[in-house]
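Student: dropping the sequence and predicted coords here.
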Amino acid sequence: MTQVAAIQMTSSADVGRNLASAARLLRQSHARGARVAALPENFAFMGLAEADKLGVAEDDGAGPIQDTLAGLARELGLWIVGGTVPLRVPGEANAAAACLVFDANGQRVARYDKIHLFDVAIPGRDERYLESASVLPGRTPVCVDTPAGRLGLAVCYDLRFPELFRRLLDLGAEWFCLPSAFTAPTGRAHWETLLRARAIENLCHVVAPAQSGFHDNGRETHGDSMIVDCWGRVLARLPRGTGVVTADIDLVRQREVRQNFPSVAHRRLTT
């Protein structure tokens, strides 16, 4: 078994303040015995407008956000799933929403660019989002080997697209991480249901660090960071506020479940 942590934040438009909060919560995660800790989507910056993230976007491989994550991973001997970081894309006006994974030596070992972008109007609310106005969608599913098993990466709105998780399963994923910033209305309606569904249908653990509360732009995020096991049981959750939840990923039990209840092996429509 390997202990993992899901970190919940209420990020602001102040990168320095957010990085200080992330560092404090990563240290808490380490002190509680986590070997892998995951930050939420937009952990380093929640601007007043969607396009503001372009002003703090970094070149791939260099910048204060990336340097902070690498330094903390090395200092703590902790694997870090770095939520999302806005990274410039050569020749493009928009940035990538990149989920970066650093190993315990501070080396970056994976980058996943969010594939599904949040271009929606919230039903029954005067609340609209157009993520594609500032973010360039990714194209490639990504898995990486970690101390907790083979990790499949996804971000927030990706949660609504089960075909991505089937693809990650085919790439060998044993657990999923979903850094998120779900809106309050959609979170109340769908967050827990979708997380548990992705765990159940793929017989995979799911770790979902989230944004929570009211941000500088007036937006409210749902929170409820959660760790779910391969049978859909909620092992740990933090409904509101900032903090850390931890739980063990038990791959031995997961393999037993997959052997005794081989629904994944019974798939027929695989193309």
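Tutor: Everything's here; your move.

Student: give me the neighbour count for Asn260.
Tutor: 7 (other CB atoms under 10 Å). Every residue, glycine included, has its C-beta placed from N, CA and C.

Student: how about the one 3 residues further on?
Tutor: Here the neighbour count serves as a burial measure; for Ser263 (other CB under 10 Å) it reads 12.

Student: do the same with Val257
Tutor: 16.

Student: contacting residues for it?
Tutor: Leu203, Cys230, Trp231 (CB atoms under 8 Å, 6 or more residues apart in numbering).

Student: could you look up the SS state of it?
Tutor: Using DSSP: H, G, I helix; E, B strand; the rest coil, the structure places Val257 in helix.

Student: what's the distance between it and Leu169?
Tutor: 14 Å (CB to CB, to the nearest Å).

Student: tell me the one among the contacts of Val257 nearest to Val264.
Tutor: Leu203 (5.6 Å; CB to CB).

Student: any idea of the pLDDT on that closest one?
Tutor: Per-residue pLDDT puts Leu203 at 98.

Student: just checking, it touches Phe261?
Tutor: Yes: Leu203 is within contact range of Phe261, at 7.4 Å (criterion: CB atoms under 8 Å).

Student: how far away is Gly106 from Arg268?
Tutor: 44 Å.

Student: and what of Arg128?
Tutor: 39 Å.

Student: then Ser132?
Tutor: Distance from Ser132 to Arg268, counting by CB to CB: 34 Å.

Student: so for the two, which residue has more residues nearby?
Tutor: Just comparing Ser132 and Arg268: by other CB under 10 Å the higher neighbour count belongs to Ser132, 13 against 4.

Student: now do the SS call for the nearest residue to that one once chain neighbours are set aside.
Tutor: Distances taken as CB to CB, 6 or more residues apart in numbering place Leu117 nearest to Ser132, at 4.6 Å, with adjacent residues excluded. Following three-state DSSP, Leu117 is assigned to coil.

Student: ok, Leu117 touching Val155?
Tutor: No: the criterion here is CB under 8 Å, and Leu117 misses it with Val155 at 9.9 Å.

Student: the biggest helix by length in the chain - contacts with which helices or strands?
Tutor: Determined from DSSP state H, the single longest helix within the chain is helix 15-31. Here helix 15-31 touches strand 2-8, strand 36-39, helix 64-76, strand 243-249, going by 3 or more CB pairs under 8 Å, 6 or more residues apart in numbering; DSSP states H and E.

Student: am I right that Leu48 is in a helix?
Tutor: No: according to three-state DSSP, Leu48 belongs to no helix; its state is coil.
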